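Q: Pasting the sequence and the predicted coordinates here, then a few questions.
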Amino acid sequence: MRPARSDSAFRLGLRRQTVLRRVVIAVCGLALVAGCSAHVEVQRKVAKADLEKGISDALQKTVGQRPDSVTCPGPIDAKVGQQMRCELVAGTTKAGLTATVNTVNGSDVRYSVKVDDHVSSN
């Protein structure tokens with residue numbers, strides 16, 4: 001048996017879900033987020049953690065709120081045209097995305113992010 005929630009807690013939960021849905025809808029509506037950048041490691045790769053943080057930072061800058069998480073399978077090679085599939089989670093909504101390296105200038109790597117058109121809810 002679940003404990004009863006107060007009206008204010010219930011409304012806060014609904015408000016949070018609504019805001020998170022708006023973030024995902026806004027992200028999906030934008031489809032392409034540009035302006036991500038990172039510095040490469042010695043092996044000329046963008047580290048997994050740097051890629052995930054860069055994507056989250058760009059989404060926050062673009063839509064005004066960070067996703068709950070962004071998960072990528074590993075580092076991405078610092079070569080123009082390289083792509084990495086990642087997943088973003090906002091509340092109960094998940095969306096795939098693709099990060100694509102656009103330019104490499106020394107240790108500065110710039111990439112764009114395209115969020116998939118279709119999202120899933122738990």
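A: Noted; the coordinates are in hand.

Q: Just checking, which helix or strand of this structure averages the lowest pLDDT?
A: Each helix and strand of the chain was given a mean pLDDT (mean pLDDT, DSSP states H and E); the minimum falls on helix 7-30 at a mean of 40.

Q: Which of the helices or strands spans the closest residue to residue 55 other than its chain neighbours?
A: Using C-beta to C-beta, 6 or more residues apart in numbering and skipping the chain neighbours, the partner closest in space to residue 55 is residue 70 (4.7 Å). Yep, even glycine has a C-beta here, placed from its N, CA and C like the rest. Assessed by DSSP states H and E, residue 70 sits inside strand 69-71.

Q: Just the buried residues of that strand, please?
A: residue 70 (16 or more other C-beta atoms under 10 Å).

Q: State the mean pLDDT of that strand.
A: In this model, strand 69-71 carries a mean pLDDT of 97.
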